[in-house]
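J.: Fold the following.
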Amino acid sequence: MNQGTPVAVVTGSDSGIGRAVAVRLAQQGMDVGITWHDDHDGALRTAEEVRSHGRRAAVARMDLTDLPGAARVVDDLAGELGRIDVLVNNAGTGTATPFLDLSYETVRGVVDVDLIGPFLCSQFAARRMIEQGGGGRIVNVTSVHEHQPRVGAAPYCAAKGGLGLLTQVMALELAEHGITVNAVAPGEIATPMTGQEDRDVREERRPGIPLGRPGDAREVAAVIAFLAGEDASYVTGASWTVDGGMLRMGPQAGSHLESDDWRRP
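T.: As a prediction, the model looks like this:
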């Protein structure tokens, strides 16, 4: 990777996991491109945190339902900051709608944001990385539902499962350019998406999750930061679950069990 100041672009970094990632990468010495969809003020707060660590920040709006044009924001931020060494595809959306009740518009919106958007953003980033030389890092934020299904989340599961396999194809094809590609699959994390922003996860009880609580966005950011750094130079094509053991229980059980009886034989 670049021997100068590296640059990361983190999509959906106005809050939650994205903000935590942007700040963590700034702490590791990276300048950061920040994208937002609805929360401009949140993006500005993320930028302020990035700058508080002595790093540059650039902010741009990205609406991944407006494809293919929206993906060019990655290229625009790379141009503004001078290069791109790391792309974190974090922006995402979902639905809680029974399969038979889903409209085409809902399905298309979720798949565009969660799968097609990251596909196109990664193309822009990878082309820049190849032109620059020196390799790079792409991290796709999927979900435990990359691996196991959830009732009411058909388009979300389809998109995240697709993004997981896309990660593997990208890893194979981009390896010759020194670009690693990995997925990070969070479980239940205290973020605006789960209605838990700014909660102390240690005070939340989740009997169906082996570690007994939701995760904190900073715990996900730590794994992404590792994959974005030099210590992960021989790691590619993998999916890293950050879920407190939820997948060992199954996501339905992890979020729906109401007692610890399962812990006893």
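J.: going forward, measure contacts between C-alpha atoms and count neighbours the same way
T.: Fine.
J.: Following element in sequence after the strand ranked longest in the chain, please.
T.: Across the chain, the longest stretch assigned as strand under DSSP state E is strand 179-186. The helix or strand immediately downstream of strand 179-186 is strand 189-190, counting by DSSP states H and E.
J.: Adjacent strands (with direction) for that following strand?
T.: Under the criterion DSSP bridges, strand 189-190 sits next to strand 215-216 (parallel) in its sheet.
J.: can I get the CA coordinates of the next helix-or-strand element following the partner strand in PDB?
T.: As assigned by DSSP H and E, the chain's next helix or strand after strand 215-216 is helix 217-228. Extracted in PDB, the C-alpha atoms of helix 217-228 (Å, rounded to 0.1, in the frame of the first residue of the first chain):
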ATOM      1  CA  ALA A 217     -20.200  -0.400  16.600                       C
ATOM      2  CA  ARG A 218     -16.600   0.100  17.800                       C
ATOM      3  CA  GLU A 219     -16.200  -3.700  18.100                       C
ATOM      4  CA  VAL A 220     -17.000  -4.000  14.400                       C
ATOM      5  CA  ALA A 221     -14.800  -1.100  13.500                       C
ATOM      6  CA  ALA A 222     -11.800  -2.800  15.200                       C
ATOM      7  CA  VAL A 223     -12.100  -5.800  12.900                       C
ATOM      8  CA  ILE A 224     -12.600  -3.700   9.800                       C
ATOM      9  CA  ALA A 225      -9.600  -1.600  10.800                       C
ATOM     10  CA  PHE A 226      -7.500  -4.700  11.100                       C
ATOM     11  CA  LEU A 227      -8.500  -5.900   7.600                       C
ATOM     12  CA  ALA A 228      -7.800  -2.400   6.200                       C
END
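J.: hang on, the earlier thing: what is the longest strand of the chain packed up against?
T.: For strand 179-186, the packing partners by 3 or more Cα pairs under 8 Å, 6 or more residues apart in numbering; DSSP states H and E come out as strand 136-141, helix 154-174, helix 217-228, strand 239-242.
J.: Identify, out of those, the most deeply packed stretch.
T.: Most buried of those, by mean neighbour count (mean count of other Cα atoms under 10 Å): strand 136-141, with a mean of 28.
J.: can you map out the helices along this structure?
T.: 16-27, 40-52, 72-81, 104-111, 117-132, 154-174, 217-228, 246-249, 251-256 (DSSP state H).
J.: quick one on the thing from earlier: roughly how far is the longest strand of the chain from the heart of the chain?
T.: 9 Å (Cα atoms, centre = their mean, to the nearest Å).
J.: Direction included, what does it pair against?
T.: strand 136-141 (parallel), strand 239-242 (parallel).
J.: now that strand: mean pLDDT?
T.: Strand 179-186 shows a mean pLDDT of 98.
J.: what angle do it and helix 16-27 make?
T.: 130 degrees (axes from the mean of the first three to the mean of the last three Cα atoms, to 10 degrees).
J.: what angle sits between strand 179-186 and helix 117-132?
T.: Interaxial angle of strand 179-186 relative to helix 117-132 (the same axes, to 10 degrees): 150 degrees.
J.: What lies in contact with strand 179-186?
T.: The contact list for strand 179-186, computed with Cα atoms under 8 Å, 6 or more residues apart in numbering, reads 126, 129, 135-146, 164, 167-168, 170-171, 174, 220, 223-224, 227, 233, 235-243.
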